[in-house]
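> Coordinates for the following, if possible.
(one chain, ligands or ions: 1)
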Amino acid sequence: MSETQRDTNPAVKSLGTGTDEYERRFAEQVGARYAFAFWKGRVALYAVLKALRVGPGDEIILPGYTCVMDVNPIMYLGARPVYVDIEPVTYNLDPALLEARITPATRLIIAQHTYGYPADMDAILAISRRHNVPVIEDCCLAFGSTINGRRVGTFGLAAYYSFQWNKPYTTGLGGMLTTSDPELAERIRALCEEELVTPGAKETAMLAAQLVVYRTLIYPRTTALATQAFRLLTRAGLVVGSSSTAEFRPEMAPDFFKGMSTVQARAGLRQLRRTELMMAHRRRIARLYDQLLAEKGWPVPAVPPNLDPVLVRYPVRVAEKAKALAEAAGHFIELGSWFECPLHPIETPLEAYGYASGSCPVAEQAAREVVNLPTHMRVSEKTARRTVEYLARFAPPPARA
Ligand SMILES: Cc1ncc(COP(=O)(O)O)c(C=O)c1O
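The predicted structure is shown next:
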């Protein structure tokens, strides 16, 4: 695509990967000028870090309550992750602790919108301006959430999204990077043109088959068993897993920087047409959980009134998390366990990722206590009621002073 064409239609990059239309429509929907599609969300983060020339000696701030796949791209580039503890209501980076972690080496702050709750962008951006450190928004768990009516993903220099199985909507795997900054967009485009790997035919075909299975077989009653089967098949190399074994080490695999396949882009375009419906459904189910849990005498989070979250999962604290999770499958209840530790999942060697145990106590407590309830399109009112009935067999953690 020529420069002129790109100027008249700035959301489109010019790689001709067959994903252009999805990128353009995605950018329009989320309110960004440019969008770039990738194989996974973590690849989108890698792209923006690399385009910003993050490298050895740089420090990247992020919450100590995240997915390790979010930390890998930082390590791949030789930079150092610096973890900030979270606040206990929205599970997002606590701005009161942020400033003390900024040093002359800080290059970037990653504001993750956890579970769909928007991070406190006013406070984070004020600190970022004071120190001249840009903010990137992790919207992987938050599609459509707003702060004072403004969508998350439009506050920082760039934002990235995920379309993996558990995310706001799914294309099997998938990621998107958005920005409205022309200079950054140009750097990302150049980087993709030089280095982006094309997905292989076999993995794309496997992903397409998995999407069909997902659409026909996965319902709240079957999710727990399906997840176990999926993990076994991933280990046997029979399905395209969300993460390979190699991704549990902070060294980058040669084909990591991979673009999006047309299979994913087509699925994404279909999903984009339904986002209003999906968001309304998630909001409705979350309100129902609020109501049902309150009826059972469970505490309901006091979320600031200027936030309108679209929750990808509804987090609840429970006294016996391990037991609640272990028994859920037997009752055909879909209960999620992320985040299981500050850098989910539990298999992560925390020291290798520079996380000192005890350094984010609020996050560690959340990891011990929080389970999450589904809000996706296959959760009916009846499912929500069954889920809360099941959960109410356990107790909430004792109230803290
Ligand atoms: C908060 C968060 N950010 C980023 C990612 C990475 O997304 P993806 O799995 O698409 O690479 C995840 C992972 O699942 C996540 O939970």
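> Where is the longest helix in the chain?
Across the chain, the helix with the greatest residue count (assigned by DSSP state H) is helix 275-295.
> buried residues in it?
Burial within helix 275-295, assessed by neighbour count using 16 or more other C-beta atoms under 10 Å, is assigned to Thr275, Met278, Met279, His281, Arg282, Arg283, Ile285, Ala286, Leu288, Tyr289, Leu292, Leu293. Just so you know, the C-beta spots here come from the backbone N, C-alpha and C atoms, and that holds for glycine as well.
> Just send these back as TSV, with pLDDT and distance to the ligand too.
Below are the buried residues of helix 275-295 laid out as TSV (pLDDT from 0 to 100; distance: C-beta to the nearest ligand atom, whole Å):
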residue	pLDDT	distance to the ligand
Thr275	97	17
Met278	97	18
Met279	98	18
His281	98	21
Arg282	98	16
Arg283	98	20
Ile285	98	20
Ala286	98	18
Leu288	98	24
Tyr289	98	20
Leu292	98	26
Leu293	97	24
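> Give me the neighbour count for the residue of the stretch 101-250 of the chain found nearest the ligand.
With distances taken as C-beta to the nearest ligand atom, the stretch 101-250 of the chain approaches the ligand most closely at Ser162, which sits 3.2 Å away. Ser162 has 32 neighbours, counted by other C-beta atoms under 10 Å.
> What residues does it make contact with?
Ser162 makes contact with Lys40, Gly41, Arg42, Ala44, Cys140, Leu141, Gly174, Gly175, according to C-beta atoms under 8 Å, 6 or more residues apart in numbering.
> cool, and Leu207?
When contacts are counted by C-beta under 8 Å, 6+ apart, Leu207 is found next to Gly172, Leu173, Val240, Ser261, Val263, Gln264.
> okay, these in a markdown table with neighbour count, distance to Ala32 and secondary structure next?
Conversion of the contacts of Leu207 to a markdown table gives the following (neighbours: other C-beta atoms under 10 Å; distance: C-beta to C-beta, whole Å; DSSP: H, G, I helix; E, B strand; the rest coil):
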| residue | neighbour count | distance to Ala32 | secondary structure |
| --- | --- | --- | --- |
| Gly172 | 23 | 23 | coil |
| Leu173 | 30 | 21 | coil |
| Val240 | 22 | 28 | coil |
| Ser261 | 27 | 22 | coil |
| Val263 | 22 | 24 | helix |
| Gln264 | 29 | 19 | helix |
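> Would you mind giving the secondary structure of Thr178?
Going by DSSP: H, G, I helix; E, B strand; the rest coil, the secondary structure assigned to Thr178 is strand.
> for the stretch 301-401 of the chain, what spans make up the helices?
Across the stretch 301-401 of the chain, reading from the start of the chain, the helices by DSSP state H, counting those that start in this stretch fall at 321-328, 361-369, 381-391.
> For the first one, which helices and strands make contact with it?
Which is helix 321-328. Counting contacts by 3 or more C-beta pairs under 8 Å, 6 or more residues apart in numbering; DSSP states H and E, helix 321-328 is packed against strand 370-374.
> from the middle of its chain, how far away would the strand it packs on be?
Relative to its parent chain, strand 370-374 has a centroid offset of 15 Å by C-alpha atoms, centre = their mean, to the nearest Å.
> Repeat that for stretch 390-401.
27 Å.
> For that stretch, list every residue counted as buried.
Tyr390, Leu391, Ala392, Phe394, Pro396, Pro397.
> these two touch, right, the second one and Ala384?
By that I understand Leu391. No. With the criterion set as C-beta atoms under 8 Å, Leu391 and Ala384 do not qualify as a contacting pair; they are 10.7 Å apart.
> Need the residues touching each of those two.
When C-beta under 8 Å, 6+ apart defines a contact, the residues bordering Leu391 and Ala384 alike are Leu373.
> got the residue ranges for the helices in the stretch 1-150 of the chain?
Listed in chain order (using DSSP H, counting those that start in this stretch), the helices of the stretch 1-150 of the chain are 3-8, 20-30, 41-51, 68-76, 95-98, 121-131.
> Indicate which one of the ones you listed is closest to Leu233.
Distances from Leu233 to each of these were compared using C-beta to C-beta; the shortest belongs to helix 68-76, at 19.4 Å.
> which parts of that closest one are buried?
Of the residues in helix 68-76, those with enough neighbours to count as buried (16+ other C-beta under 10 Å) are Val68, Met69, Asp70, Val71, Asn72, Pro73, Ile74, Met75, Tyr76.
> Now the most centrally placed residue in the chain: closest residue in space, sequence neighbours ignored.
Residue closest to the mean C-alpha point of the chain, counted by C-alpha atoms, centre = their mean, is Cys140 at 2.5 Å. Leaving aside its chain neighbours, Cys140 sits nearest to Ser162 (3.8 Å; criterion: C-beta to C-beta, 6 or more residues apart in numbering).
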